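Undergrad: Build the 3D model from these lines:
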Amino acid sequence: MIDWVTAVISCNHDPDKLIDGFVMSFDAEGRKQWVVNKNLSVEGSHSTKIQIKSHTDTQIWVSGNPAKFLQGHNIFGTDDLTYLMGRFFDALLKHEELGLHPTDVQYEDIQAGRYTLKRVDINLSWHLKNREEVLAWIRSAGSCARLKHRGAGQYAGDTLYFGKNSRRWSVKCYSKGNEISAKKHELPKELQIPELIEWAEKALRLELVLRSMQLKDMLLHIGSHWCADTAKMLLCSLVLDNLEITDNMALPDDLLTSLPTRLKGIYALWLNGEDLRQSLPKNTFYRYRRQFLEHNIDISIINDKQRNNIIPLVRYLEAQPASIPDWAYQKGLVA
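TA: Here you go, the predicted model:
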């Protein structure tokens, strides 16, 4: 689904109505140095909010989760970016207090996807047996998964990140059940229905964040360049096709015996679960890593002695992602 969008859209508007106060800076003598308008928060379905501000005299900047703005949740939703943004803009026009007055041409351009994208988040979900198995999958992937061009993941809390601080694109894996249990992300009371909660409880979510530089390089910085299949194709080409999962098998005894004493010591530390990236100088770490990769051992992946190998990581990712259930349409939970 399309999860988050930041875009610059051509639309005539009243700039004074898209301000929620100011942020000012003063020097030591009290002279004003600069003033910045604060983004305006707009409330959508079930108290969800997006941010909006005047970008130029004829352009607005919007940022937020359009699916959640329309549905009240982002447990599932559409992959069609232009359709979603068209519905989203129609919803914004109902807020007369915003002072949005697009011309006929501007409105047609918006519905056709002729606007600039600065960030797009997309995701896929897979259903496991329960939340506990989802968390176990993430822990296992944290110890034996690598993403090409992003390396080993960074495990923080119950979320696994790849390229977390990249200026181009990054990936995270997390439990949707965990997320909606957190205070800031819990479902509105009117949406706390058993079927929706059960769907989220079993969901392993893989989320791809595409930033401005990457969008431009892929010629996807214009909304009309997206089709209904673009989101899934990006997740496959950037993530699923490049996710490597290794069991990091132990060295055979005869090879271990032949290793230099120093390498035996490094191997023992890695086998014991030590993060060698943190304990060794950078150049030394990469020198040892190259040597061990010749024997199919990647010391950049922390060896988790308690890793549960029962959960087959690849099998779940090769399975069909979870789809939007029929009851969700019947209950009006999909925009």
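
Undergrad: So Gly86 sits against Gln111, correct?
TA: Yes. Counting by CB atoms under 8 Å, Gly86 does reach Gln111; the two are 4.6 Å apart. For glycine as for every other residue, the C-beta is placed from the backbone atoms N, C-alpha and C.

Undergrad: wait, is Tyr329 part of a strand?
TA: No. Read with DSSP: H, G, I helix; E, B strand; the rest coil, Tyr329 is helix and lies in no strand.

Undergrad: my guess is Gln106 is in a strand, correct?
TA: No. Counting by three-state DSSP, Gln106 is not part of a strand but helix.

Undergrad: which helices and strands does the helix or strand where Leu210 lies pack with?
TA: Using DSSP states H and E, Leu210 sits in strand 203-211. Secondary-structure packing of strand 203-211 (3 or more CB pairs under 8 Å, 6 or more residues apart in numbering; DSSP states H and E): strand 116-127, helix 131-144, strand 169-175, helix 176-181.

Undergrad: Please identify the deepest-packed of these.
TA: Ranked by average neighbour count under the criterion mean count of other CB atoms under 10 Å, these are headed by strand 169-175 at a mean of 22.

Undergrad: Got the confidence number for Asp57?
TA: Per-residue confidence (pLDDT) for Asp57: 94.

Undergrad: again but with Gln111, I slipped
TA: Reported pLDDT for Gln111: 98.

Undergrad: A helix includes it, no?
TA: Yes. Looking at Gln111 with three-state DSSP, it is inside a helix.

Undergrad: Adjust the sequence numbering to begin at 13 for everything that follows.
TA: Sure thing, new numbering starts at 13, so read that last one as Gln123.

Undergrad: I'd say it and Leu96 touch.
TA: No. In this structure Gln123 lies outside contact range of Leu96 using CB under 8 Å: 11.5 Å.

Undergrad: Poorly predicted segments of this protein, please.
TA: For the chain, applying pLDDT under 70 flags the ranges 258-262, 316-330.

Undergrad: Do a quick rundown of the strands in the protein.
TA: 14-22, 34-38, 44-49, 52-55, 61-68, 71-76, 128-139, 157-159, 163-164, 166-168, 171-174, 181-187, 215-223, 255-257 (DSSP state E).

Undergrad: Quick check: can you list the domain ranges of this protein?
TA: 14-36+48-256+326-342, 261-312 (automatic domain parsing).

Undergrad: Give me whichever of these is most buried.
TA: domain 14-36+48-256+326-342 (a mean of 17).
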